[in-house]
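J.: only the shape, not the letters, is given here:
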């Protein structure tokens, strides 16, 4: 039996049995993604996750895959890091369409989306976005369900916050044009 508060190798972490609690590997330790009940996803978080999944899946047809809460094998501070993003987009160029393994994402995706849960702060999510970018993720969206905004993080540029009818477009995602208003309306929270 592996103790979760002891140092784990990547292989030991990935071999842990699945359960009701989602863990991330941070600095060699299995850490619950939501360490207390205050942080557990609530209605707005879950609804926005579903809305983003629907909207992005329609766009991603034939281009790549959108996955909810998929562990990603990355490196952070020269150590194995396995975060579990709320949503992940990875193109078929990075991970072919015929790749079908029941395991953590083996390469850095183009996009990860984190939705701020109750008990989390924008500052904490900004730090995580920076870690993702340093681990070769190309874009990070931080979704704030209270402010109804999406902040986009890209390498070597300042973050941009989109709200209302601002269009989220990006040369990395040709043809994608959605707005925060569209996302939050689809989620049923405006």
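T.: Yep, that arrived. Everything numeric in this text was worked out from a predicted model, so none of it was measured. Numbering: from 1, shown residues only.
J.: just the strands in the chain please.
T.: For the chain, the strands defined by DSSP state E occupy 23-26, 29-32, 64-71, 74-76, 79-81, 84-91, 111-115, 139-144, 149-153, 160-163.
J.: can I get those strands in JSON lines with mean neighbour count and distance to residue 98?
T.: Every residue, glycine included, has its C-beta placed from N, CA and C. Output for the strands of the chain, formatted as JSON lines (neighbours: other C-beta atoms under 10 Å; distance: least, C-beta to C-beta, whole Å):
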{"stretch": "strand 23-26", "mean neighbour count": "20", "distance to residue 98": "27"}
{"stretch": "strand 29-32", "mean neighbour count": "15", "distance to residue 98": "31"}
{"stretch": "strand 64-71", "mean neighbour count": "18", "distance to residue 98": "12"}
{"stretch": "strand 74-76", "mean neighbour count": "18", "distance to residue 98": "23"}
{"stretch": "strand 79-81", "mean neighbour count": "17", "distance to residue 98": "26"}
{"stretch": "strand 84-91", "mean neighbour count": "23", "distance to residue 98": "14"}
{"stretch": "strand 111-115", "mean neighbour count": "24", "distance to residue 98": "21"}
{"stretch": "strand 139-144", "mean neighbour count": "22", "distance to residue 98": "25"}
{"stretch": "strand 149-153", "mean neighbour count": "20", "distance to residue 98": "31"}
{"stretch": "strand 160-163", "mean neighbour count": "15", "distance to residue 98": "34"}
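J.: out of those strands, flag the one nearest residue 174.
T.: strand 84-91 (10.7 Å; C-beta to C-beta).
J.: quick one: that closest one to strand 139-144, angle?
T.: Calculated by axes from the mean of the first three to the mean of the last three C-alpha atoms, to 10 degrees, strand 84-91 forms an angle of 140 degrees with strand 139-144.
J.: on that earlier part again, let me have the strands of the chain in a markdown table, extended by mean pLDDT.
T.: Shown next, in a markdown table, are the strands of the chain (pLDDT from 0 to 100):
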| stretch | mean pLDDT |
| --- | --- |
| strand 23-26 | 79 |
| strand 29-32 | 78 |
| strand 64-71 | 96 |
| strand 74-76 | 95 |
| strand 79-81 | 93 |
| strand 84-91 | 96 |
| strand 111-115 | 97 |
| strand 139-144 | 98 |
| strand 149-153 | 98 |
| strand 160-163 | 98 |
